[in-house]
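Peer 1: sequence and computational prediction follow.
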Amino acid sequence: MSPTLLPLLVGLPLAAAGLTALARQGARWPSVVLIAALSLNLSGALWLVVTTRSGGVLAHGVGGWPGGISIPFVGDTLSALMLVVTGLLTLVCSAFALNTGLGAVRLFAPLVLTLTAGVNGALLTADIFNMFVFIEVMLLPSYGLLILARRGRGTLGSVVGSRLYVTFNLFVSTVFLAGVAFVYGTAGTVNLAELAGAARSSPLVAAATAVCLFALGMKAAVVPTHGWLARAYPSTSPAVTALFSGLHTKVAIYAIYRVYAVVFEGDQRYLWIGVVVFSATMAVGVLGAVGEDTMRSILAFHMVSQIGYILLGVALFTPAGLAAGIFYLLHHMVVKASLFLSTGAIEVRAGEGRLDRLRGFARREPLLAAAFLMAALSLAGLPPFSGFVAKLTLILAALDAGQVAAAVVAIVVSLVTLLSMLKIWNAVFVSREDTGEDTGGAGGGAGVSVRERTEIPRVGILGSLPALALAGVTLFLGLGAELLLSLASTAAAGLIDTAPYVQAVLG
Amino acid sequence: MMLALSVGALVAGAAYLMLDRTFLRVVIGFVLLGHAVNLLLFSSGGILRRTEPLGSEPDPAVTADALPQAFVLTAIVIAFAITVYMLVLAVTGRADEEAQAEGDGEAAAPDAAETDAPNTDGRTGAAPRSTDEESRA
């Protein structure tokens, strides 16, 4: 792939968004344009992976300006891998949304395309101010999607989640912007390549960049700032939850990896903060899920817990730890979206996400049950799924780096995760459809009345396909783990030795 | 010094307004916070260099740094857009303000211990959804 094509990954989705915004209510062609643009985006990202698979870095300054002045777009192995997975998730979630009827909302296609442009931009930029701008480009359509999904369905539930989400994100963005101001004030530049190693030599720049990392950590829902995620995500439609779960917090995680690797050059002095905070995130997230009783709020709390695992990789900052963290990140995005889509398909049909109101879906929806079981076992870290490889490599890396306590937390938390997944499985899938005496330990509720239950339409093959496809990806990543592991190691090498990155940006 | 004091005063005002329960005051608090950060961003370019960076031979020692000004301009546009959106949210949910008073307090506390609290906001929205989704699908 030629470096000059990099800005197109932002430009094309934006152009498609502008085009589809012109459509009338009820027109079908925006859906076609949406799927075509997202497929093109995915193939472009795959091409970038192929180009950078051996550790090469592509960089392009927009408009041909020299490095240091230009607006830089950089693609290395890490950003290419992230682009592929975010592209895949956007495509699958859009297909799901089109299937469940959300895609028929007039502004759905332009909002998703703008979101894609923002995500791609944030993953490709090498300038922290542009990162702020692209994160805003990503967030603005998300605010729209959050409320569109609930349009015309009561006033209370639809705005409370949005109010929380918007105010929190605006606050975090403001803190991030303040951090950018401090960085510019102390280092005199916001270009990542020019900032390389600056935080290591100057405590002032380190403090300024720490403000940025602090804001990114809040965006990634690291404990103790995880409350917003568990509240806001279950309040919108399932397709949108799945989409956000794969994109928003993950872009923040990517940014943490990148900024700490480049600006701090993996400074060993501050790593203990990460180990402590991220271990707490693992434990608090999974314990939070215990008290929840709707499918999506349980999954949202698990997301918090998994974010702790992913970020532990950067807190170890060894080649093995970073590779394990990157592998975990990619695996987690796929698995979490699959879980949100399979439970979402049930929720859309049943109009209900409470565990005690749903019964016997394994017999009615065998495909969906298979998808959920695969993804749930993968999330808990059982072989032969990708979760096993991810957890094993991460725990080995933690032991290798001497972080025994963090490794123990990781093992205990995955056991609790398994219990929590079994809770959903037992309540929603395997419990008998007839209520009353023979439901045993699967939650005490009385279940849906006979009349309601018979009215729930079937999800069918089309509705199960998105979740099943992503579950298939996790199985493939588990069986053929060497492929992604070697790519993750290349990406980790690019974070340890940032010289090629800096060289490419500054030209 | 004056600049630092203004930023401090704006942040203090923002913090005070954001702790209020009325959503409109929260929005105004965000406007103040945005101003504070814009001033901060502005001052990061150096406050003593004030000549315009134009002409044939500008002296780098006295000309103003144009980059933070461009940053501020971008940030103002973004903050403005989000403020308008938040005002719409403030108007939409207004009638529910009293009924939601308890739930708001809990939603604001980022604490794992509150997971047992009744998640009223999620559920009231979820209940009437089934029929709509079915008719669409």
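Peer 2: That came in fine, so what should we check first?

Peer 1: identify the residue spatially nearest to residue A:401, adjacent ones excluded.
Peer 2: residue A:316 (4.6 Å; CB to CB, 6 or more residues apart in numbering or on different chains). Any C-beta I mention is one placed from the backbone N, CA and C, and that applies to glycine too.

Peer 1: kindly report the same for residue A:122.
Peer 2: residue A:134 (4.0 Å).

Peer 1: with only the CA atoms kept, save the helix or strand where the one you found lies in PDB.
Peer 2: Element membership of residue A:134 [criterion: DSSP states H and E] is helix A:128-148. Taking C-alpha atoms only, helix A:128-148 is exported to PDB below (Å, rounded to 0.1, in the frame of the first residue of the first chain):
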ATOM      1  CA  ILE A 128      -2.000  14.300  20.000                       C
ATOM      2  CA  PHE A 129      -4.000  17.300  19.000                       C
ATOM      3  CA  ASN A 130      -5.300  15.500  15.900                       C
ATOM      4  CA  MET A 131      -6.000  12.600  18.200                       C
ATOM      5  CA  PHE A 132      -8.300  14.800  20.200                       C
ATOM      6  CA  VAL A 133     -10.000  16.000  17.100                       C
ATOM      7  CA  PHE A 134     -10.500  12.500  15.700                       C
ATOM      8  CA  ILE A 135     -11.800  11.200  19.000                       C
ATOM      9  CA  GLU A 136     -14.400  14.000  18.900                       C
ATOM     10  CA  VAL A 137     -15.200  13.100  15.300                       C
ATOM     11  CA  MET A 138     -15.800   9.600  16.600                       C
ATOM     12  CA  LEU A 139     -17.900  10.800  19.600                       C
ATOM     13  CA  LEU A 140     -20.200  13.200  17.900                       C
ATOM     14  CA  PRO A 141     -22.000  10.600  15.700                       C
ATOM     15  CA  SER A 142     -22.000   8.300  18.700                       C
ATOM     16  CA  TYR A 143     -24.100  10.800  20.600                       C
ATOM     17  CA  GLY A 144     -26.500  10.800  17.700                       C
ATOM     18  CA  LEU A 145     -26.500   7.000  17.400                       C
ATOM     19  CA  LEU A 146     -27.100   6.700  21.200                       C
ATOM     20  CA  ILE A 147     -30.300   8.700  21.000                       C
ATOM     21  CA  LEU A 148     -31.500   7.600  17.500                       C
END
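
Peer 1: same for it, what does it pack against?
Peer 2: Contacts defined by 3 or more CB pairs under 8 Å, 6 or more residues apart in numbering or on different chains; DSSP states H and E place helix A:128-148 against helix A:108-124, helix A:156-187, helix A:238-262, helix B:66-92.

Peer 1: that's a helix at residue A:74, yeah?
Peer 2: No - using DSSP: H, G, I helix; E, B strand; the rest coil, the secondary structure at residue A:74 is strand, not a helix.

Peer 1: if we can go back for a sec, and the helices and strands packed on helix A:128-148 as TSV, adding mean neighbour count?
Peer 2: Listed next are the helices and strands packed on helix A:128-148 as TSV, based on neighbours: other CB atoms under 10 Å in any protein chain shown:
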stretch	mean neighbour count
helix A:108-124	27
helix A:156-187	23
helix A:238-262	26
helix B:66-92	17
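
Peer 1: returning to what we had before: could you give the angle of the helix holding residue A:134 to helix A:156-187?
Peer 2: 180 degrees (axes from the mean of the first three to the mean of the last three CA atoms, to 10 degrees).
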